[in-house]
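[1] Quick one, fold the following:
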Amino acid sequence: MSVPPVDRNKKELYVAQLLGKAMPPHSLGVLAELAVKLALINPKPLRKPALILFAGDHGIAEEAVTHSPQEITWQQCVNFAHGGGACSLFARCNAVELTVVDVGVDHVFTQEDLVLDQKVSFGTKNFLKEPAMTQAQCTQAMEKGRILVREKRQAGFDVIAFGEMGVANTTSASALASALTGYAPFEVTGKGSGISEAELLHKQEVIEKAIARYPTDDALELLACLGGFELAAIAGGILEACELGLPVLLDGFITTAAALVSCALEPNCKSYLIPCHVSGMHGHSLLLHYLGLDSPILDLGMQLGEGTGSLVAWPIVALASRILPEMTSFSEGKVTDSTEILSRIGLV
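    Residues are numbered from 1 along each chain as shown. Coordinates of the predicted model:
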């Protein structure tokens, strides 16, 4: 199965339908552009979103690239699964189903933790010394993401968002992003959860040395060498969602790094990605530009991850998906067609 291209021949039809709505032409701005993009994916209103949050630990944390102790990964997973944290609050406020998934956390969860067990391994290896994952592990993690998206689709969900949790995963995401795009490590590496300027330079040097160990441009090889289990699961999940014709609410820096892999494997994925926000994390705007996603919905300086940017943008996406199928036209509203008048005199 491969990702089908959206039918761009329908774009003129949808633009014409917008001009027929009972409002001045182009008065909804970027929201109207979003409505057309969504209609090309799915012309029906979007009503049932799911957020799948994948978690994993990272061996590269050994290289002093973060001050966060590794146990925060599993602690936050339990917190999220029990209704805590920003992602859980935002999901609850917006009636979005949240599923917290362990694909590579260095911890054994209990049933009471409410974290879905899809563990491939207990964290990645230190990719400065050896590949983060074997190719088999990477493929397995990607398949975990695919299966969960498939299950969500079968359960009636019509739009998918991804979140992540993993101490040191900004280092993995930056290494992967740099290797895939050709941007220098300093261009796509930020301070993560908080480090000094000197520590940032160290983090960038770690990434530069690691990339030099793996001289390949193969996206799957790079994902296995530099990625994380949660990144692999998201990359696989994006591929599955796009193959199923589902729009994907793209969150911040880390999920965008995973999307780079998906789009390298299936370029048609780009048409299904809805860039929900530009993260405050250094380099995110470059990654969006690389994917041709230069008009993110929000710019709030957020850099939390967890899918929170997607959750904040979801009400706008839901609204945009209803404009074409539900907003009244001039004729339906029995309103004089002012757009047609403007068209006659060459102003539209």
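[2] what comes up buried for stretch 91-108?
    Going by neighbour count (16 or more other CB atoms under 10 Å), the buried part of stretch 91-108 is 91, 94, 96, 98-107. Just so you know, the C-beta spots here come from the backbone N, C-alpha and C atoms, and that holds for glycine as well.
[3] and what of stretch 194-214?
    195, 199-200, 203-204, 206-207, 210-211, 214.
[4] What of stretch 38-51?
    In stretch 38-51, counting by 16+ other CB under 10 Å, buried: 38-42, 45-46, 49-51.
[5] domain parsing for this protein?
    Using automatic domain parsing, the domain parsing of the chain gives 8-43+324-344, 49-317.
[6] what separates the shortest one from the chain centre, distance-wise?
    Taking the mean C-alpha point of domain 8-43+324-344 and that of its whole chain, the gap between them comes to 28 Å (CA atoms, centre = their mean, to the nearest Å).
[7] Can you give me the first-to-last residue distance of it?
    Domain 8-43+324-344 has its terminal residues 27 Å apart, counting by CA to CA, to the nearest Å.
[8] One more: stretch 17-27?
    With CA to CA as the measure, stretch 17-27 spans 14 Å from end to end.
[9] rewinding a little: just the buried residues of stretch 38-51: which are in strands?
    Members of the buried residues of stretch 38-51 lying in strands (criterion: DSSP state E): 49-51.
[10] would CSV of those with pLDDT and distance to C242 be doable?
    Formatted as CSV, those follow (pLDDT from 0 to 100; distance: CB to CB, whole Å):
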residue, pLDDT, distance to C242
P49, 98, 16
A50, 98, 15
L51, 98, 17
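[11] how about the helix or strand L287 falls within: buried residues?
    Using DSSP states H and E, L287 maps to helix 284-290. By neighbour count with 16+ other CB under 10 Å, helix 284-290 contains the buried residues 284-285, 287-288, 290.
[12] So which of those residues is the closest to M302?
    H284 (10.2 Å; CB to CB).
[13] does G237 really touch L51, like I thought?
    No. With contact defined as CB atoms under 8 Å, G237 does not count as touching L51 (11.1 Å).
[14] tell me, what's touching the two both at once?
    F162 (CB atoms under 8 Å, 6 or more residues apart in numbering).
[15] what about V100, which SS state?
    Three-state assignment for V100 (DSSP: H, G, I helix; E, B strand; the rest coil): strand.
[16] any residues touching the helix or strand where E12 lies, and which ones?
    Assigned by DSSP H and E, E12 belongs to helix 11-19. Here helix 11-19 makes contact (CB under 8 Å, 6+ apart) with 25, 28, 32, 35-36, 39-40, 323-324, 329, 339, 348.
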